[in-house]
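Enquirer: turn this into a structure:
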Amino acid sequence: MSNCKIIINILCLIFIAKASSDEGYRGSNNFDVLIFTQRWPQTVCYTWKASSPSHTCSLPKEHDEWTIHGIWPSQYHKVGPQFCNKSMPFKPDALKSLKGELQEKWIDVEYGRTSYSLWEHEWNKHGTCAVVLKQLNSEVKYFAEGLNLLAKYDMKNVLAKVNIVPGQKYGTKAILNAIKKVLGKRGVVICRKNKNTGESYILEIRICFDKMLQLMDCDRISEYPTNCDASELVTYPSTVPRYNVIQV
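Expert: Coordinates of the predicted model:
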């Protein structure tokens with residue numbers, strides 16, 4: 001084989017390898033469902049403070065408000081896709097028009113209002129995979145849709161309609177039934193457990209949408225219907241629970 005042919009073959013192999021390595025970083029339509037995740041700031045703060053005595057929290061001005069964690073394109077029974085397009089890095093300036101609202105409703109409890117870390121993480125990990133959908137095909141659209149979904153499906157209002165309110169304890173089944181009764185679709189409840197006391201706190205609620213952003217059951221997503229202990233009551237804390245430093 002001539003030197004020219006050898007060089008051509010080597011270049012072809014390099015191109016194929018490069019294409020394969022980039023496959024996981026391109027916007028992908030290889031997902032089945034969009035998971036909209038809301039989190040309860042008091043439990044987020046508890047988890048953060050419990051992991052280190054030096055940690056402090058930034059809570060929304062209205063302490064009884066659920067906040068956004070993210071919109072996650074996901075495959076059934078799996079996690080991901082994730083980090084789909086490295087050529088679309090997070091740009092803080094793109095969110096200038098939404099910044100004030102995001103600082104309250106998509107707040108970074110762990111790192112504060114002046115930090116972009118949560119937004120950057122959610123965009124790079126999930127938003128770059130959602131861009132294959134017209135409704136979510138830019139940074140602004142992705143975050144604006146998160147705010148829109150919170151306005152429509154705020155868990156504070158959903159739970160209050162069946163008299164589930166902060167400061168009380170409830171069975172996980174009661175919370176799941178409340179979501180189904182009010183929204184007409186099945187969701188997911190995620191808890192955080194105090195390893196010292198055994199008490200569980202409600203951390204997140206996840207609801208699901210198809211690619212047309214129509215509400216659907218979450219039956220086939222990871223952790224459905226809950227990671228909570230069904231035999232115990234779950235605390236819906238009205239304030240940040242007391243904590244000891246624990247390994248989380």
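
Enquirer: check Thr114 and give its pLDDT.
Expert: At Thr114, the model reports a pLDDT of 71.

Enquirer: can you count the residues close to it?
Expert: The criterion is other CB atoms under 10 Å. On that basis, Thr114 has 8 neighbouring residues. For glycine as for every other residue, the C-beta is placed from the backbone atoms N, C-alpha and C.

Enquirer: now swap in Phe90 and tell me
Expert: Number of residues near Phe90 (other CB under 10 Å) recorded here: 17.

Enquirer: repeat for Glu62
Expert: Taking other CB under 10 Å as the neighbour definition, Glu62 ends up with a count of 11.

Enquirer: for it, give me its contacts.
Expert: Counting by CB atoms under 8 Å, 6 or more residues apart in numbering, Glu62 makes contact with Glu104.

Enquirer: repeat that with 7 Å
Expert: Residues counted as contacts of Glu62 (CB atoms under 7 Å, 6 or more residues apart in numbering): none.

Enquirer: touching, Gly171 and Leu233? I think so.
Expert: Yes. Gly171 sits in contact with Leu233 when judged by CB atoms under 7 Å, with a separation of 6.0 Å.

Enquirer: confirm His69 sits in a strand?
Expert: Yes. Following the definition DSSP: H, G, I helix; E, B strand; the rest coil, His69 is counted among the residues of a strand.

Enquirer: tell me the pLDDT at it?
Expert: 98.

Enquirer: ok, now which ones touch it?
Expert: Contacts were defined as CB under 7 Å, 6+ apart; by that measure His69 touches 37-39, 204.

Enquirer: highest neighbour count among these?
Expert: Ranked by neighbour count (other CB under 10 Å), these have Gln38 at the top, with 24 neighbours.

Enquirer: now do the SS call for that residue.
Expert: Classified using three-state DSSP, Gln38 is strand.

Enquirer: re earlier: who touches both of Gly171 and Leu233?
Expert: Shared contacts of Gly171 and Leu233, defined by CB under 7 Å, 6+ apart, are not found at any residue.

Enquirer: can you give the strand pairings for the longest strand along the chain, parallel or anti for each?
Expert: When every strand of the chain is counted residue by residue (DSSP state E), the longest turns out to be strand 200-209. Listed by DSSP bridges, the sheet partners of strand 200-209 and their directions read strand 33-39 (antiparallel), strand 188-193 (antiparallel), strand 215-216 (antiparallel), strand 233-236 (parallel).
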